[in-house]
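**Student:** my questions are about this predicted structure, shown below with the sequence.
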Amino acid sequence: MPDVSSSAAGPMPREEAPLVSVRGLKAYFPLRRIRLGAPKAWLRAVDGVSFDIRRGETLGLVGESGCGKSTLGRTLLALRGASAGDVLFDGNSVFSLKPWELKALRRHMQLVFQDPFASLNPRQTVGGSVRAALDIHAIGAPAERTAMVEEMFLRVGLRRSHTTRFPHEFSGGQRQRIGIARALVLRPKFLVCDEPVSALDVSIQAQILNLLKDLQQEFELTYLFISHNLAVVEHMADRVAVMYYGKIVELADRNELFSNPRHPYTRTLLGAVPSPDPTVRNMKVEMSGDPPDPANLPSGCRFRNRCSYAMERCSREEPAMAKVGERHHAACWLDQ
């Protein structure tokens, strides 16, 4: 990006580089194989996704169950291999790192799981589970590690005495606080929050969401916040990406997306959210038909079989992401 000068104010600062850059990321799974040959069919869980996440922001990722949200989050953390594309973290390619370099990078990239009970070892104390990351990375002396774990428990709203208990002794909300403590004990820069409140009661959801917001300010964190709950995403996110069967179909600032959705799929999602105000009428739901087979997606636009605006071009060509407003992009032929 070239420098731009102003005679009155002097040189303007460069725009800060994003913390995370995803470029053409693909994650395919083989479905059927020819004997002793290559796979005959692939499940394209993530199919050429690109976006940036700026430092300190929360990017919300929404879509139906099975659209590839969790696979995308785990792939960009290099928890599973990518079929193509790249992820840049702080300017460094994640997939080109040596194993010991990737291990060092994991201190700065962590995951908060959807199910806090399944992600904790039932035979290990929760303090031991949180401390394991410090042991693996050899951070501090043994006594210092114990103190760091206890301090993190206090930061997430638990007590020091909780470190000696086992996962089954806690409620769902407490277990999610433990999961957050485990992710933060290494003091990372970036968290992927994979449906972190979907398994919790509504009253507990609000507590965990507010905790995540407070911790983001305290530790200067950057979030990729994955959810199918649009109300939660509206509360948490600065920008929102809408995903449909492996593709990002719309990306915009939160307020812009919720007030002026451009892709028919986004309008359908927003129209399906009930309003607590009986005087407010939701936008018309425009989707019809059944979801496509993920292993046999339609040609062209993969949403066309459920879209009331579909035209002949939609079956021939797949729309690319195009700018439809200030900091607003959508992949739909209606806007191109």
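**Tutor:** Arrived safely.
**Student:** can I take it that R313 is in a helix?
**Tutor:** Yes: R313 sits within a helix when classified using DSSP: H, G, I helix; E, B strand; the rest coil.
**Student:** quick check: closest non-adjacent residue to it.
**Tutor:** W333 (5.5 Å; CB to CB, 6 or more residues apart in numbering). Where C-beta positions appear, they are placed from N, C-alpha and C, glycine not excepted.
**Student:** I'd say L19 and F89 touch.
**Tutor:** Yes: counting by CB atoms under 8 Å, L19 touches F89, with 7.0 Å between them.
**Student:** common neighbours of the two, please.
**Tutor:** F190 (CB atoms under 8 Å, 6 or more residues apart in numbering).
**Student:** what's the top helix by length along the chain packed up against?
**Tutor:** When the chain is parsed with DSSP state H, its longest helix is helix 202-219. In this structure, helix 202-219 packs against helix 172-184, helix 230-236, with contacts taken as 3 or more CB pairs under 8 Å, 6 or more residues apart in numbering; DSSP states H and E.
**Student:** okay, the ones you listed in CSV with mean neighbour count, mean pLDDT and distance to R107 next?
**Tutor:** Putting those into CSV (neighbours: other CB atoms under 10 Å; pLDDT from 0 to 100; distance: least, CB to CB, whole Å) gives the following:
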stretch, mean neighbour count, mean pLDDT, distance to R107
helix 172-184, 23, 95, 11
helix 230-236, 19, 92, 24
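**Student:** show me what contacts V112?
**Tutor:** By CB under 8 Å, 6+ apart, the neighbours of V112 are Q176, G179, I180, A183, L191, V192, C193, D194, P196.
**Student:** switch to 6 Å and redo it
**Tutor:** G179, I180, A183, C193, P196 (CB atoms under 6 Å, 6 or more residues apart in numbering).
**Student:** ok, R23 next?
**Tutor:** Contacts of R23 by CB under 6 Å, 6+ apart are S50, G85, D86.
**Student:** let me know the closest of the residues you listed to N260.
**Tutor:** Within those, proximity to N260 (CB to CB) peaks at S50, which comes in at 22.3 Å.
**Student:** picking up where we left off before, now the helices and strands packed on helix 202-219 as TSV including distance to N210?
**Tutor:** Shown next, in TSV, are the helices and strands packed on helix 202-219 (distance: least, CB to CB, whole Å):
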stretch	distance to N210
helix 172-184	12
helix 230-236	9
